[in-house]
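In: Using only what follows, build the 3D model:
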Amino acid sequence: MGHHHGHGHGHSHDHTSNKKALLISFIFISTFMVIEVIGGILTNSLALLSDAGHMLSDAFALALSLFAFKLSEKAANSQNTYGYKRFEILAAFINGVTLLAISIYIFYEAFHRFLDPPNVSPMMIWIAITGLIINIVVAFILMYGGDTKDNLNMRSALLHVFGDLLGSIGAIIAGLLIMFFNWNMADPIASIIVAALILISGYRVTRESFHILMEGTPNYLSYEDIENKLVQLDGVINIHDLHVWTITSDFPALSCHMVVEENLDRDLLLKKAVNVLHDEFAIHHTTIQIEGPHADMEHNENNCN
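Out: Presented below is the predicted three-dimensional model:
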């Protein structure tokens with residue numbers, strides 16, 4: 001049982017560092033956004049205001065992820081037996097969908113700029129550089145302060161920041177090309193490249209979170225392998241109604257029915273099965289129903305009808 005406790009502790013430690021990373025990032029981005037809005041109004045710069053809009057979407061994504069972590073800490077109750085852990089995945093899904101929406105909006109904007117290339121002020125480059133620095137700092141905080149590798153919620157927040165970071169790079173390059181070569185097309189072209197990259201990452205997060213929300217088998221686990229391993233245990237005749245799903249990032253769950261030979265030490269078998277799932281597949285949350293061979297006959301007959 002010691003391992004269980006360790007797993008839980010690791011989870012809560014991750015949670016705390018994830019929340020801290022998100023909060024610091026949120027403060028950074030929100031502060032810069034306010035500065036940009038004021039700057040945009042004072043310099044009458046659309047580029048500044050639209051970048052502030054970008055920052056707003058980042059701040060929203062970070063706040064949503066932070067809220068999801070806060071909510072997921074609420075204890076389980078009789079209404080929500082798994083607690084609110086699933087909300088993290090829902091937040092990731094919303095972040096993924098907003099990434100898709102942002103990329104489509106950028107495509108739309110870029111198309112209009114192709115038809116009528118705007119004049120871009122040198123001021124825009126300095127703002128883009130400042131934005132880039134802020135985004136790099138925030139990306140570092142998220143990557144090194146939190147768990148962006150395994151936690152889908154954290155990853156969705158990071159992708160928003162990356163999207164913005166790319167936008168800043170695009171704006172800098174476009175600004176320089178326009179300044180030195182008067183090549184106004186650089187602006188919409190840079191936008192389209194950024195939009196395409198945001199579209200890809202948004203699609204991935206949306207697909208992954210949708211898969212979890214639809215109770216899909218986790219991508220890193222093989223349904224067949226699990227079934228084979230369980231059937232190979234001594235005394236097991238067959239397995240049916242096997243389900244493997246994810247409750248939230250890093251929290252897979254499994255349930256199945258196991259048909260076993262008549263005079264078998266069921267407690268020992270259950271222990272073996274739980275150990276196999278725990279050690280080989282890192283599934284800590286399992287529900288296994290054990291049935292005798294005759295229960296299986298009835299089950300099969302029911303199935304035939």
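
In: I'd say residue 201 and residue 163 touch.
Out: Yes. Assessed by C-beta atoms under 8 Å, residue 201 is found in contact with residue 163 at 7.1 Å. Using the backbone N, CA and C atoms, a C-beta is placed for each residue, glycine as well.

In: What is the neighbour count of residue 112?
Out: By other C-beta atoms under 10 Å, the residues close to residue 112 number 11.

In: ok, back up a step: look at residue 201 and residue 163 and report which has more neighbours.
Out: The residue with more neighbours, out of residue 201 and residue 163, is residue 163; 25 against 21, by other C-beta under 10 Å.

In: what lines up beside the longest strand along the chain in the sheet?
Out: What stands out as the longest strand in the chain, according to DSSP state E, is strand 236-248. Strands that pair with strand 236-248, judged by DSSP bridges, come out as strand 251-260 (antiparallel).

In: buried ones in the partner strand?
Out: By 16 or more other C-beta atoms under 10 Å, the buried positions in strand 251-260 come out as 251, 252, 253, 254, 256, 257, 258, 259, 260.

In: And the contacts of the very next helix or strand once past that strand?
Out: Moving toward the C-terminus from strand 251-260, the first helix or strand encountered (DSSP states H and E) is helix 266-281. Residues outside helix 266-281 that contact it (C-beta atoms under 8 Å, 6 or more residues apart in numbering): 3, 221, 225-226, 229-230, 233-236, 252, 254, 258, 260, 283-284, 286, 288, 290.

In: mind redoing it with 7 Å?
Out: Taking contacts as C-beta atoms under 7 Å, 6 or more residues apart in numbering, the residues outside helix 266-281 that touch it are 221, 226, 229-230, 233, 235, 254, 258, 260, 283-284, 286, 288, 290.

In: Can I get these in TSV including pLDDT?
Out: Rendered in TSV, the data for the contacts of helix 266-281 read as follows (pLDDT from 0 to 100):
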residue	pLDDT
221	91
226	94
229	93
230	94
233	92
235	89
254	95
258	93
260	92
283	93
284	89
286	94
288	94
290	91
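
In: Pick out the residue closest to the middle of this protein.
Out: Within the chain, one residue has its C-alpha closest to the average C-alpha position: by C-alpha atoms, centre = their mean, that is residue 152, at 2.3 Å.

In: where's it relative to residue 102, distance?
Out: Using C-beta to C-beta, to the nearest Å, we find residue 152 at a distance of 19 Å from residue 102.

In: do residue 133 as well
Out: For residue 133, the distance to residue 102 - C-beta to C-beta - is 21 Å.

In: Is it correct that residue 83 is in contact with residue 248?
Out: No. Contact between residue 83 and residue 248 fails when scored by C-beta atoms under 7 Å: they sit 9.3 Å apart.

In: shared neighbours of these two, anything?
Out: residue 72.

In: CA atoms of stretch 194-212 as CSV?
Out: Presented in CSV, the C-alpha positions along stretch 194-212 are these (Å, rounded to 0.1, in the frame of the first residue of the first chain):
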residue,chain,number,x,y,z
VAL,A,194,1.6,31.2,-36.9
ALA,A,195,-2.1,30.3,-37.4
ALA,A,196,-1.2,27.0,-38.9
LEU,A,197,1.0,26.1,-36.0
ILE,A,198,-1.7,27.1,-33.5
LEU,A,199,-4.2,25.1,-35.4
ILE,A,200,-2.2,21.9,-35.2
SER,A,201,-1.5,22.2,-31.4
GLY,A,202,-5.1,23.2,-30.8
TYR,A,203,-6.3,20.2,-32.7
ARG,A,204,-4.1,17.8,-30.8
VAL,A,205,-5.2,19.1,-27.3
THR,A,206,-8.9,19.1,-28.4
ARG,A,207,-8.6,15.5,-29.8
GLU,A,208,-6.8,14.2,-26.7
SER,A,209,-9.2,15.8,-24.2
PHE,A,210,-12.2,14.7,-26.3
HIS,A,211,-10.9,11.1,-26.2
ILE,A,212,-10.7,11.3,-22.4
